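*Asks:* I need the structure of the sequence given here:
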Amino acid sequence: MTKILRKNRHFRWNWRQSIDDPEKIDYYFVIVDDKNRKAKIEEIINKVNSGAINFSFEEISLPLQGKVGGTSLKYLCKIYESKCGVNLVNEVILKIFKDSVIKDNNLYDRVKTGTSLELYLAKLYEK
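*Replies:* Here you go, the predicted model:
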């Protein structure tokens, strides 16, 4: 497996069981690129929904975005809630992004005081 540097174009993602609805999954998507970040995330949802079943992906928070320090790249983070299974989402992500995918278990909403997903991303990318 190729090592992916945080200062290179890549796709970072995670999933967690929804706290609000045990039948749903929260998906955390971060795209690092110099253009078309929003369209690339939408491509995942469109390809997941290209089969017989149309899964609803509800955006559950405002997008987070910033600049990747020392580069011309930017990141965009979007969080969705869906009943779509993890295996299908993973399969689509790997087809689109191939070797530039990072499954990041630390990518999630924080509830502890003094921490947040926004701070995690800023520490990861804006150095």
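*Asks:* measure Lys35 to Lys123 for me?
*Replies:* 24 Å (CB to CB, to the nearest Å). C-betas here are computed from N, CA, C, even on glycine.
*Asks:* Let me see the ranges of the strands in this protein.
*Replies:* Along the chain, the stretches classed as strands by DSSP state E are 10-17, 25-33, 57-59, 64-67, 74-82, 101-103.
*Asks:* Kindly provide the whole-number mean pLDDT of the last one.
*Replies:* Average pLDDT, strand 101-103: 95.
*Asks:* next one: that strand to chain centre, how far?
*Replies:* Remark: strand 101-103 is offset 9 Å from the chain centroid, using CA atoms, centre = their mean, to the nearest Å.
*Asks:* One more: the third one?
*Replies:* In terms of CA atoms, centre = their mean, the centre of strand 57-59 is found 12 Å from the chain centre.
*Asks:* any idea how far the residue lying closest to Ser56 once chain neighbours are set aside is from Tyr27?
*Replies:* Spatially, and ignoring its direct neighbours in sequence, Ser56 is nearest to Ser82 (6.2 Å; CB to CB, 6 or more residues apart in numbering). Using CB to CB, one gets 6 Å for the distance from Ser82 to Tyr27.
*Asks:* Could you name every residue contacting both of the two?
*Replies:* Listed as contacting both Ser82 and Tyr27 by CB atoms under 8 Å, 6 or more residues apart in numbering are Phe57.
*Asks:* Looking at those two now, which is surrounded by more residues?
*Replies:* A direct count of neighbours by other CB atoms under 10 Å for Ser82 and Tyr27 places Tyr27 higher, at 26 against 20.
*Asks:* show me what contacts that one?
*Replies:* Residues in contact with Tyr27 (CB under 8 Å, 6+ apart) are Trp13, Asn14, Trp15, Phe57, Ile79, Tyr80, Glu81, Ser82, Val89.
*Asks:* Going along the chain, name the helices of the chain.
*Replies:* Using DSSP state H, the helices of the chain run over residues 37-48, 86-97, 117-125.
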